[in-house]
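[1] Pasting the sequence and the predicted model now:
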Amino acid sequence: MEEEGKIKIEQRFPNWSDLLKPITEKDFKKGIYHYPARKSDWEGAPLPPVYTDFNPLEKDWHLPEGWKETFLSKMDEFRKKYRELFVWMDICVRCGACADKCHYYLGTGDPKNMPVARAELLRSIYRRYFTWQGKIFGKWAGARDLTEDVIKELYYYLHQCSQCRRCSVFCPYGIDTATIVWIGRELLTHIGIGHRFSLISIAACLRSGNHLGLSPMGMAGSLESAAEDIKEITGVDIEVPINKKGVDILFVAPSGDYFATPHWFTLMGYLMFFHELEERYGITYTWSTLAGEGGNFGTFYTYKCAQDMNGKIYKEAKRLGVKWIIGGECGHMWRDKHQFMATMHDIPDNLEEPVNPITGTYFENAKSTKMIHILEFAADLIKHNKIKLDKSRNNHWKVTMHDPCNMARGMGFFEEPRYVVRSVCNYFYEMPEHAIREKTYCCGSGAGNLADEVMDLRMRGGMPRAMAIRYVHRLYGVNYLATICAIDRAAFTALLKYWKLQPPVMHGGIFELVGNALILSDEDKERELDLRGEPLLKEEEVKEAVEEVVTAPTKEYVCELCGAVFTDLDECCEHAEKEHKIAKAACDMVCGEKR
Amino acid sequence: MIGYLFVGLFYIAILIFVVGVLVRIFNWARAPVPLNICTPLGQQKSLDWLPRARFDSPYTKWETFVRMLGEVFLFRSLWKNTKYYIETQRQTATKWLWLFAIAFHWSLLIILLRHIRFFTSPIPDWILLLQSLDGILEVGRPELHMVTILVTNLTILLGLFGLLGRRIVGAKERAISLPSDWLALILIIATVGSGIIMRYFWAVDIEGVKRFAIGIVTFNPVLPPLDLFFLTHLTLVSALLIYFPFSKLVHAAGILFSPTRNLPNNPRAVRYINPWNPPYTGISWEEYYEMYKDQLDEIAERGYKVGGGG
C-alpha cells in the first residue's frame, strides 16, 4: 500500500473483447485478493463436501474432478430457484448507470469492479451455456467458455464486492449485484472454493453461537466487565440477565460489541438503557449465550449458512418464553432480520406482536417477525418522554452519521437513528446528500472484506466515505462518526487512521451517545466522565467550545482556483460549487486556509 | 411473388415476437423469488410520526404499484443518477442518460401508437388527436410550402443518437458495450431512419401501405407496394421483432419481474414464503448444552445474571 492518506487510482478502459478475458493469478494484487478457506472451517459450515485446497497465487488450483459440470448444473439449478438471477442475467442493457456508483470501482479504477462488469462475470458464462445465441456466436454474443481461469477471476472479483446494494439504487431495473454475488459465492462453494474470513466466523458462530467463538462464560464475563465499567462511571450497580426464562424481551446484539473497541461503549449504552427500563417500568429482558450473535455472515455467503445462523434466535425465543425480540446496532444483521429470518424459519407461537408496554405503541411494521430494532424502541420512548436525557453530556461531540448500507438499502432505516441522535446530542451535522441515506457509501469492509489481507482494497473502497467525513470535519469540526453497524465500528478504526482523520474524528455506536445522555433514575452523583472515561465538558467550557466552532473568526479561506478570499469555509465551498462546479464533497481540494 | 415473401416474413416475425416474449415471461414466472429483497430507497414504515417515503419504500401493494409505474413510465431510478469524477472527487447529479432514455422510449411509444392508423379503418379519434398533437411543429414559408415536422421524430433521434453517443464518447460505457448493444441501437436507428425518410423525402404509396396493413390484421393478406424504402422499413421491423425476445430488449418485460422493485418493503409485517426453504440444520440447545455444560450450569447457579454489585 502506498503512503497513508494517498492512493493512486489507475483507471483502465479496455475494449469489450479484452474485458471478456479473465484476470488470473498472474495479475492478482497483494492487498486485494483474499485468502482461501481452511479445511476445519469448511467442515464446520453447512457446505458441500468438496473442499478444495488451493493457493490463489499458484497456477493449479486443484479443482475437484467434474468441477465444470457441477458448476454448470448448479448454475442451471439456481436460475430456476432464484427468479431474480434468471431475470437479471437476461435483461441488463449495459447502460452504465451503475458503473461509478461502486466504491470499489472508484477506489481501484479496475474496470471489472464496475457492478455491470461484476455481473457480466456470471452473465458471460450464462450466455455461453444457457442461451443459443451464446452457443452459436460465442464471444460476439458476449459469451465465454468456463475455464479454470474464469473460476480464478470469479473468486478474485466476487470477493471485491461488499454487497452494499448501492448500484441497485441507480439501476433502472433494480439489478442488485449483492444478490448476484451472493449466488456466485455459493456457486463457488459447490466446487470447493471457499473464503477464509467469512468461513472462520460462520464456523465459529455455528459452533458457539457467535462469530467470535466466545464460550458462554466468555460472553458472561464480558457483560460483567461492562457492568463494572458502568459502575465506575455512574456509580450504579447494573444487573445483566443471561439465559433467563420468562422475561419480556430477548435482546440480540452483534458479538463484536462484547469486546471490541469502540463497540464496547455501545454495549455499555445497551446495558444502561435496559437497566433504566427495568428500574422505572419493570420491563424485563435477557441476553442469550446461544443466540448471542445478531450479525449473520451467511447473508453474504450462502443461503444455508444464513439460515442455520439466524435460526437459533427463534429457537432461543421459544425456549426462554419471551414475548418479543429486540435487536442491537448491526448492519448485515438487519438485512437478515428484516428480509430473511422470518422467511427462513417458522415464527415461534409464544411470540406476541410487539407493543411497547410503556407507551402502548404497536409496532405494526414488525407484526409478523416480532423483532424490532432497539432504535425504533428508543425513538418511541424518547418521543413520549419516557426516559430522561441530558443532551449536554454529549457536548464534546460534534456528530455526523454514517448510514450502514444494509440498514439503508435493506431496510429503509433513516429517520429513527437521526431522531435519537438529535435527541441525545446538541451538535449533529449531515454529510453531503450523495453520501448519506439510500445513497450512502460503504465503509469498504462489508460482506467478508474486513479481513486484514485485503487492507489495500478496504482503504480504497472506503475512500468516498472518508472524503465525505473529511468534508464535514473541515466544515463543522465534526469529531464523532455515529454508526449503527458493528462492522463499521471495526472498519473505521483503520479507515479513519489511514485517511488521517482519527484522531480527532472518533467513531462509535448511537447507543454510546444514548448511554452518555441517559439519566438513570438510581444515579445519585453528578457524572464527570463519558462512557469512554473522558471528562465531560463543564458548562463554561461548552459555551467556549461552541463559540469556537460557530464563530472561528480569525481564519480566512482562499479559493485556489481564482484567489477569492472568504471568512467562512462554507462560503468558499459554495463559491467553488457555483463558480467552478466543484461539488461540496470535494471542496477541500480547492478551498484551503490562507497562510 | 416478392410481395408474398414479405407477407410471410412479417407474419413469422410477429409470431416469433409474441411466442418468444411469452416463453420468456413464462420461464421467469416459473422460477420462484425465495426472499423479499426489495431495495427500499427511502424511510421505512415504522413509527407513525416519522415521515416516510411512500413510493420509494412502499409498504402496501398499491404503493408498490405506484413505485413500478414511476419506474416504467418516468425512469425514476435513472433520474437519481450521479457522476463521480475520480481525479477531483467531485460528485454531481447528471440527467443525460435519463433524458436520452426517456426521449427515446416515450417517442417510440407515441410513434407505435400513431402506427395504429395504418391498421384500423376508420381510424379511432384518439389516434388522430395524438397525430395532430404530435404535428404541432410546422416549418417553411406559409405562402409557399409548409412541412409538418412530427415532434416525436425529432425526439426519438435525439434519444437514439444520445444513447449511441454515450457509448462512443464515454470511456466506461465503451468498455462495457458488447456487439449486441451496438447491434440493437443500430437496428433501431435504421428502422426509425427508414420511416423518417418515407415520411419526408420519399413518396410512398400510402394507400397501398394501408391496404397491406389492414390485410395483415384481418388475416386477408394483401401484397405490399413494391417500394424500396417501405420494404426496407418492413424488413427492419421484422428483424427487430425477431431479435426482441432473444436479446436484452426483453428488458421491457423483464423490469416487471425485478424483485428489488416489485416487492413491498414489509417483510417484517407480512411473512414472505420461500417455496424451497430447506429445513434448519443448525445447532440445537441440547447440543449446545452438551458442549458447554459446566459454563451454562455456572450461569444458572448465579441466578441467570451477572453484575449487580453481587
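    Yes, it's here. Model, not experiment: these values are computed from the prediction.
[2] CA atoms for contacts and neighbours, from now on please.
    OK.
[3] Please settle this for me: is residue B:13 part of a helix?
    Yes - the assignment for residue B:13 by DSSP: H, G, I helix; E, B strand; the rest coil puts it in a helix.
[4] What distance do you get for it to residue B:106?
    23 Å (C-alpha to C-alpha, to the nearest Å).
[5] Among the two, which residue is more densely surrounded?
    Higher neighbour count among residue B:13 and residue B:106: residue B:13, with 21 against 17, using other C-alpha atoms under 10 Å in any protein chain shown.
[6] helices or strands next to the host helix or strand of residue B:157 in the packing?
    Taking DSSP states H and E as the criterion, residue B:157 maps to helix B:151-169. If contacts are counted by 3 or more C-alpha pairs under 8 Å, 6 or more residues apart in numbering or on different chains; DSSP states H and E, helix B:151-169 sits against helix B:96-114, helix B:171-176, helix B:179-200.
[7] Can you give the contact residues for that helix?
    Where contact means C-alpha atoms under 8 Å, 6 or more residues apart in numbering or on different chains, the residues beyond helix B:151-169 that reach it are B:97, B:99-105, B:107-108, B:110-111, B:134-137, B:173-174, B:177, B:182, B:185, B:189, B:196.
[8] and if we set it to 7 Å?
    Residues from elsewhere that reach helix B:151-169 (C-alpha atoms under 7 Å, 6 or more residues apart in numbering or on different chains): B:100-101, B:103-104, B:107-108, B:111, B:134-135, B:137, B:173-174, B:177, B:185, B:189.
[9] Could I get the average pLDDT for that helix?
    For helix B:151-169, mean pLDDT rounds to 93.
[10] in it, what counts as buried?
    Buried residues in helix B:151-169, counted by 16 or more other C-alpha atoms under 10 Å in any protein chain shown: B:152-153, B:155-164, B:166-167.
[11] which of those residues lies closest to residue B:260?
    residue B:163 (25.3 Å; C-alpha to C-alpha).
[12] If I take the helix or strand bottoming out on mean pLDDT in chain B and helix B:151-169, what angle do their directions form?
    Ranked by mean pLDDT, DSSP states H and E, the weakest helix or strand in chain B is strand B:137-141, scoring a mean of 74. Put simply, strand B:137-141 runs at 100 degrees to helix B:151-169, going by axes from the mean of the first three to the mean of the last three C-alpha atoms, to 10 degrees.
[13] phi, psi of residue A:254?
    phi -70, psi 140 (degrees, to the nearest 10).
[14] Quick one: residues contacting residue B:277.
    residue A:344.
[15] let's see 8 Å
    Per C-alpha under 8 Å, 6+ apart, neighbours of residue B:277: A:343, A:344, B:34.
[16] Just say helix, strand or coil for it.
    Residue B:277 ends up coil, using three-state DSSP.
[17] Tell me how chain A divides into domains.
    As recorded under automatic domain parsing, the domains making up chain A are A:16-200, A:206-383, A:391-546, A:552-593.
[18] CSV for these, including mean neighbour count, distance to chain B and mean pLDDT?
    As requested, the domains of chain A are exported to CSV (neighbours: other C-alpha atoms under 10 Å in any protein chain shown; distance: least, C-alpha to the nearest C-alpha, whole Å; pLDDT from 0 to 100):
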stretch, mean neighbour count, distance to chain B, mean pLDDT
domain A:16-200, 21, 5, 93
domain A:206-383, 22, 4, 92
domain A:391-546, 22, 5, 89
domain A:552-593, 18, 5, 73
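[19] So for residue B:216, which of these sits nearest?
    Among the domains of chain A, domain A:16-200 sits nearest to residue B:216 (C-alpha to C-alpha), with 29.8 Å.
[20] rewinding a little: now the buried residues of helix B:151-169 as TSV including distance to residue A:461?
    Converted to TSV, these look like this (distance: C-alpha to C-alpha, whole Å):
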residue	distance to residue A:461
B:152	43
B:153	44
B:155	39
B:156	39
B:157	39
B:158	37
B:159	34
B:160	35
B:161	34
B:162	31
B:163	30
B:164	31
B:166	26
B:167	26
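[21] Can you check which of the helices and strands packed on helix B:151-169 gets nearest to chain A?
    helix B:171-176 (4.9 Å; C-alpha to the nearest C-alpha).
[22] In chain B, where is pLDDT below threshold?
    B:144, B:309-310 (pLDDT under 70).
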